[in-house]
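>>> Predicted model and sequence below, questions to follow.
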Amino acid sequence: MSDYIKNHSFINSIIGEGTKFSGELVLNGLLRIDGDFSGSINTSGKVLVGKTGRAECNIIASTAVVGGVVHGNIFSSGKVVILATGMVIGNIHAEKLIVEEGVLLHGSCIIKGESVEQEKVPVPAGGSSYSLDWQNEAQESGENS
């Protein structure tokens, strides 16, 4: 079992191994899927698809962790983690994406990332004309730094 799943063991909804469920799930908290699920999932919490889990659905969640199979799109306001045993056939929209080695991912990914303040170019004492000249020279010579 992945360390990530061990550290997130508070689960308030589960579709157990050997269980098959179809429908629309709207919930708060954490959902774990170890069986078969088809439909749609909408939660402000987390969705874990365990190693034996198979989900044919679109998932909207703050965090999604995939150790099994997801056939559908994942929309996350936080991060999507695909474990080494995971397979995603669909598109991913998330702020962060973590993919372990060995994953099968077929689809497009739009990763927004966190907003990062742009690094400011230091301006030497004595004015900004030196900085402008340096930048112009760098652009003319094709340097990027």
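Received the coordinates, thanks.

>>> can you give me the helices for this protein?
3-6, 129-141 (DSSP state H).

>>> isn't I59 right up against N73?
Yes. Proximity of I59 to N73 meets the contact threshold set by CB atoms under 8 Å, at 7.4 Å. Just so you know, the C-beta spots here come from the backbone N, C-alpha and C atoms, and that holds for glycine as well.

>>> So between those two, which is more surrounded?
Of the pair I59 and N73, I59 is the one with more neighbours under other CB atoms under 10 Å, namely 27 against 17.

>>> so who does that one touch?
Counting by CB atoms under 8 Å, 6 or more residues apart in numbering, I59 makes contact with S40, I41, V47, V70, G72, N73, I74, F75, S76.

>>> Nearest to C109 among these?
I74 (9.5 Å; CB to CB).

>>> Show me the beta-bridge partners of that closest one.
Beta-bridge pairing for I74 (DSSP bridges): I59, I92.

>>> wait, what's in contact with it?
Contacts of I74 by CB under 8 Å, 6+ apart are N58, I59, A61, A64, V66, V80, V88, G90, N91, I92, H93, A94.

>>> how about the strands in the protein?
In the chain, the strands defined using DSSP state E lie at 13-15, 20-27, 30-33, 36-43, 46-49, 54-66, 69-71, 74-82, 87-89, 92-94, 96-99, 104-106, 109-111.

>>> Arrange the ones you listed in TSV, one row each, with mean pLDDT as further columns.
As requested, the strands of the chain are exported to TSV (pLDDT from 0 to 100):
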stretch	mean pLDDT
strand 13-15	94
strand 20-27	95
strand 30-33	95
strand 36-43	96
strand 46-49	96
strand 54-66	97
strand 69-71	98
strand 74-82	96
strand 87-89	97
strand 92-94	96
strand 96-99	96
strand 104-106	95
strand 109-111	94
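
>>> Looking at the contacts of I59, which is nearest I14?
V47 (11.3 Å).

>>> Quick check: the closest residue to M87 other than its chain neighbours vs L83, distance?
Distances taken as CB to CB, 6 or more residues apart in numbering place L104 nearest to M87, at 4.3 Å, with adjacent residues excluded. Noted for L104: a distance of 12 Å to L83, by CB to CB, to the nearest Å.

>>> what number of residues lie near the residue nearest to M87?
Counted with other CB under 10 Å, L104 comes out at 11.
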